[in-house]
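*Asks:* give the three-dimensional model of this entry:
(4 chains)
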Number of protein chains: 2
Amino acid sequence: MDVKTLCLGMLINKEACGYELKKKFESLFKHFFSAGYGSIYPALADLATSGLVECREIPQTGRPDRKVYKITDNGRNAFERALQTNEPQHKLRSDFLAVMYFSELLDERRVNRLLNDRIEAFEDAVEHISSIETEMGINAPAGARFVAGFGAVIAKAGADYIESNRHLLTETAPGRIDEPAHGG
Amino acid sequence: MDVKTLCLGMLINKEACGYELKKKFESLFKHFFSAGYGSIYPALADLATSGLVECREIPQTGRPDRKVYKITDNGRNAFERALQTNEPQHKLRSDFLAVMYFSELLDERRVNRLLNDRIEAFEDAVEHISSIETEMGINAPAGARFVAGFGAVIAKAGADYIESNRHLLTETAPGRIDEPAHGG
DNA sequence: TGCAGCATGTAATTTGTTACATGATTAA
DNA sequence: TTAATCATGTAACAAATTACATGCTGCA
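*Replies:* You can find the predicted model right below:
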């Protein structure tokens, strides 16, 4: 699923401008999708050219006109066709794991720092997701709750795994890695 | 971490040809990294041009000469520098979750099929990883065991989550989706 | 005084995928 | 006879990232 298709989908329930779509990506989809303005704006322009969305310009003062995009019937059909893919992909790309694979080439303090940072990132993700779940409320669409829950569970599992298995990568206890060891 | 850097890393302990590196990616890194010949061969050629690896051609009969690449001291240094990245990224890209977000636009049988397929993919991943863990043996490098374990845990967590939360997306019980319902 | 938020875009670059091109050997 | 394994590569294409370009408002 490319940025163009996902933008189209985001417009199913509510019209929006590119800036708003970016915010929405960052809140709802942060843990499994990302897109910058450099891909969103061209995507919306393309969708408009193909007639899958319509654009209305709202004059602003002191900043560029706000371009509000609304999905068309053609757009709705195109999006539903796009959802028909079988075995939609689900891929992890992790430089973190790649680095850990070679952890024997790193010094222990560095390994510990990377592990701590990754745990923190996972914990931040859990928190971020729980805050958007709160915002959504209990009456949010099932799909939204399902994907949020998935993200939370996976992030939690990742953090737990690192805590339970970091001993595989370091000989000494983790402890306060930024302070000098009191033993020497 | 790009394909070039990871190829370099794979050559740290053992020289290999492009074909072998691809196999290695597919077994050890399958769950967090992928690369096709279309990126591996050019990557190795680049590394050789930069002097980070050396190439030795072994004549073959009935097939192209085997090009065996060996890392140089420059290569080793370059790779260790590459490992110094702080907060190496760890990103999920999931069309599966994107589709599920919009599950209300799909019919229930399709949703069930997608969920089943994803569970199966996760279970396959768990099995694949457990088979490479067996191959590696207990004396494998810590990093290798750590990343394999991570993959297994995350795949397991994904499958479990779907099983426990699929009811959010479908009103009726999952059951045998490929057979006609006996109730009509 | 400076930064975050709002609001749009283009162009260069990077990176990787897919299709194409070749072809012997071996096991089912 | 059909598919998988071994073994290399190029070229076209797709997609997204990053840097560049602009500029007001409001808060601390």
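
*Asks:* for the closest residue in space to residue A:7 that isn't next to it in sequence, what is the enclosing helix or strand?
*Replies:* Counting by Cβ to Cβ, 6 or more residues apart in numbering or on different chains, residue A:7 lies nearest to residue A:43, which is 5.0 Å off, once chain neighbours are set aside. Just so you know, the C-beta spots here come from the backbone N, C-alpha and C atoms, and that holds for glycine as well. Using DSSP states H and E, residue A:43 sits within helix A:37-49.

*Asks:* who does the very next helix or strand once past that helix touch, helix- and strand-wise?
*Replies:* Later in the chain than helix A:37-49, the nearest helix or strand by DSSP H and E is strand A:53-58. Judged by 3 or more Cβ pairs under 8 Å, 6 or more residues apart in numbering or on different chains; DSSP states H and E, the packing partners of strand A:53-58 are helix A:37-49, strand A:66-71.

*Asks:* tell me which of those is the most buried.
*Replies:* Highest mean neighbour count of the helices and strands packed on strand A:53-58: strand A:66-71, a mean of 18 (counted as mean count of other Cβ atoms under 10 Å in any protein chain shown).

*Asks:* contacting residues around the helix or strand that it is followed by?
*Replies:* Toward the C-terminal end, the helix or strand that comes next after strand A:66-71 (DSSP H and E) is helix A:73-82. Residues outside helix A:73-82 that contact it (Cβ atoms under 8 Å, 6 or more residues apart in numbering or on different chains) are A:1, A:5, A:8-9, A:11-12, A:47, A:50-53, A:71, B:102, B:105.

*Asks:* and of those, the nearest to DNA strand D?
*Replies:* residue A:1 (7.3 Å; Cβ to the nearest atom of the strand).

*Asks:* in chain A, which ranges drop under the pLDDT threshold?
*Replies:* Filtered on pLDDT under 70, chain A yields the residue ranges A:172-184.

*Asks:* can we see that at 90?
*Replies:* Along chain A, segments meeting pLDDT under 90 span A:60-63, A:86, A:137-138, A:171-184.

*Asks:* by residue count, which helix of it is the longest?
*Replies:* Counting residues, the longest helix in chain A under DSSP state H turns out to be helix A:108-136.

*Asks:* for that helix, which positions count as buried?
*Replies:* Buried residues in helix A:108-136, counted by 16 or more other Cβ atoms under 10 Å in any protein chain shown: A:110-115, A:118-119, A:121-122, A:125-126, A:128-129, A:132-133.

*Asks:* how about stretch A:136-150?
*Replies:* A:142, A:143, A:144, A:145, A:146, A:147, A:148, A:149, A:150.

*Asks:* the residue nearest to the spatial centre of chain A and residue A:131: what is the separation?
*Replies:* For chain A, the residue nearest the mean C-alpha position is residue A:30 (1.9 Å; Cα atoms, centre = their mean). Separation of residue A:30 from residue A:131 (Cβ to Cβ, to the nearest Å): 11 Å.

*Asks:* apart from its neighbours in sequence, what residue is nearest residue A:153?
*Replies:* residue B:161 (4.7 Å).

*Asks:* ok now do the one you found, which residues does it touch?
*Replies:* A:149, A:150, A:153, A:154.

*Asks:* for the residues you listed, which one is nearest residue B:18?
*Replies:* The closest of those to residue B:18 turns out to be residue A:154 (Cβ to Cβ; 33.0 Å).

*Asks:* is it true that the closest one touches residue B:155?
*Replies:* No: Residue A:154 is beyond contact range of residue B:155, at 9.9 Å (criterion: Cβ atoms under 8 Å).

*Asks:* before we move on, back to that, just the buried residues from the contacts of helix A:73-82, in ChimeraX please.
*Replies:* Here is the ChimeraX command that picks out the buried ones among the contacts of helix A:73-82, judged by 16+ other Cβ under 10 Å:
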select /A:1,5,8,9,11,47,52,53,71 /B:102,105
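
*Asks:* now render the contacts of helix A:73-82 as CSV, adding distance to residue A:93.
*Replies:* Shown next, in CSV, are those (distance: Cβ to Cβ, whole Å):
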residue, distance to residue A:93
A:1, 16
A:5, 20
A:8, 24
A:9, 22
A:11, 28
A:12, 28
A:47, 27
A:50, 30
A:51, 34
A:52, 29
A:53, 30
A:71, 30
B:102, 23
B:105, 28
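
*Asks:* identify the residues contacting stretch A:152-159?
*Replies:* Contacts of stretch A:152-159 (Cβ under 8 Å, 6+ apart): A:31, A:118-119, A:122-123, A:125-126, A:129-130, A:133, B:92, B:150, B:153-154, B:157-158, B:161.

*Asks:* and it, which residues are buried?
*Replies:* A:152, A:153, A:154, A:155, A:156, A:157, A:158, A:159.

*Asks:* can you list those residues in JSON lines and add secondary structure?
*Replies:* Converted to JSON lines, the buried residues of stretch A:152-159 look like this (DSSP: H, G, I helix; E, B strand; the rest coil):
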{"residue": "A:152", "secondary structure": "helix"}
{"residue": "A:153", "secondary structure": "helix"}
{"residue": "A:154", "secondary structure": "helix"}
{"residue": "A:155", "secondary structure": "helix"}
{"residue": "A:156", "secondary structure": "helix"}
{"residue": "A:157", "secondary structure": "helix"}
{"residue": "A:158", "secondary structure": "helix"}
{"residue": "A:159", "secondary structure": "helix"}
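
*Asks:* tell me the contacts of residue A:136?
*Replies:* Counting by Cβ under 8 Å, 6+ apart, residue A:136 touches A:144, A:145, A:148.

*Asks:* inside helices: which ones of the residues you listed?
*Replies:* A:144, A:145, A:148.

*Asks:* using a markdown table, please lay out these together with distance to chain B.
*Replies:* Formatted as a markdown table, those follow (distance: Cβ to the nearest Cβ, whole Å):
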| residue | distance to chain B |
| --- | --- |
| A:144 | 6 |
| A:145 | 6 |
| A:148 | 9 |
